[in-house]
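# Have a look; sequence and predicted model below, questions after that.
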Amino acid sequence: MQAKSLVSASILSATLLMASSPVVAEEDGFVQAAKTHAKEAQADWFETYAEEIQQLQQKEGYLGPELPIPQAQKVQEGVYTVVGSFIWGTRQNYGLNNNLTAVIFEDGVFVYNAGPNPAVAYSFHQQIKRLTDKPVKWLAVENNQGHAYLGSSYWWDVGVKNLYSQQQANENWHRDFAEDKARYAAARGKAITQPARDVTEHFTTFEQKKVIEVGGGETVELHNFGGGHTPSMTGAFVPSRNLLFTGDLGFNERLPGLLHGSNVLEWMASFERMVETVPSDVTVIPGHGTPTDIETLKARTYDYFADLVEKVQTVIDRGGDVHEAEKVDQSAYADRVVFEQLAKPNARSVYHTLKAQSGR
């Protein structure tokens, strides 16, 4: 660990990323720079030094400063959540636009979502260490999106060997890893994304349900509640804490988005299955937004979609086209974060889904 601190304090803190310097965030990491210099100078020691740094980085998971991500808020005893930005992942928020949660159990810590890159994963880990001296032993990711998965190699490198994902999500992430990593690096910063590696081979996968024993007679139930936002969704329920992790099936405060590949009808059906699985008084940590209760979450997610489906179906029934569907009244939701960016695309998505279902 001494080597890590020495390197971080000298070269890497200046080279990888500093929060006050957005220009630096766009540069490649030290390893790539050193290798380039080695090639140009034909100096073997540069190449050797770069390889040593790369080996150290893999051992430590991440080399660089702790990022000023939001502080974890206490949800209940032993449960702490970092609430990500309500907007998109950007360089300014380090790609962190979803929630990262730690649950402290008798035998160790369970983490839900790996983070959008190793730098954020490391920074969240430092917060966990200030909350407890128990090790992180279990990690589950909600779906096959970068904000959930890209930090996984950090956790593996620092010794978390119990990694969990729904099978289809893991296969999809492995298939698309290189493309998704490049896309996230371009949008959120190369320096903090470059160390990420594909560690899907180390994940324990499941189809519909997986129960994890976490000590003290407590368990974490992993559920594939179904698709809609993405093809599958790993939710988690902790019976002893009456605690639900919805993943991206649940949005609070901000408007949910029907992105490429989303299906509003599948999303609503998955949400219904989720609600049927857990008690009505469950404490909810959504995929996006602050912790809440199931009634509020339903109003912010499911009820919004139900209203939009009804309005767009009316347009279709009278022979209207997609442009008319885009103009349906969504003003009741105009106070939601990212409303301007998502309202019309959501209406378009609903229109195409309903048309496809009817075969018209």
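Great, that's in hand.
# Go through stretch 287-297 and flag the buried ones.
Judged by neighbour count using 16 or more other CB atoms under 10 Å, the buried positions of stretch 287-297 are 287, 288, 289, 290, 291, 292, 294, 296, 297. No exception for glycine: its C-beta is placed from N, CA and C like everyone else's.
# So the first one, which state does it fall into?
Okay, so that is residue 287. In three-state terms, and counting by DSSP: H, G, I helix; E, B strand; the rest coil, residue 287 is strand.
# residue contacts, it?
98, 99, 142, 246, 247, 248, 249, 250, 251 (CB atoms under 8 Å, 6 or more residues apart in numbering).
# The second one now?
Residues in contact with residue 288, defined by CB under 8 Å, 6+ apart, are 84, 86, 97, 98, 99, 248, 250, 251, 252, 253, 254, 256.
# ok, now the last one?
Neighbouring residues of residue 297 by CB under 8 Å, 6+ apart: 246, 250, 251, 252, 284, 286.
# these two touch, right, residue 173 and residue 144?
Yes: taking CB atoms under 8 Å as the definition, residue 173 is a contact partner of residue 144 at 4.3 Å.
# which strand is the longest one in this structure?
In the chain, assigned by DSSP state E, the strand with the most residues is strand 243-251.
# Look up the closest residue to the spatially most central residue of the chain, ignoring the ones flanking it.
Central residue of the chain (CA atoms, centre = their mean): residue 148, 2.7 Å from the mean position. Spatial nearest neighbour of residue 148, excluding adjacent residues (CB to CB, 6 or more residues apart in numbering): residue 141 at 4.3 Å.
# count of neighbours near the one you found?
28 (other CB atoms under 10 Å).
# before we move on, the earlier item: can you check the contacts of residue 287 and name whichever has the most neighbours?
Ranked by neighbours (other CB under 10 Å), the contacts of residue 287 are led by residue 247, which has 34 neighbours.
# doesn't residue 142 make contact with it?
Yes: when contacts are counted by CB under 8 Å, residue 247 is listed as touching residue 142 (3.3 Å).
# which residues do those two both contact?
With CB under 8 Å, 6+ apart as the test, residue 247 and residue 142 both reach 148, 233, 234, 235, 287.
# and this protein, what are its domains?
As recorded under automatic domain parsing, the domains making up the chain are 2-60, 73-300, 304-358.
# Could you give the average pLDDT over the second one?
If I follow you right, that is domain 73-300. Across domain 73-300, pLDDT averages out at 97.
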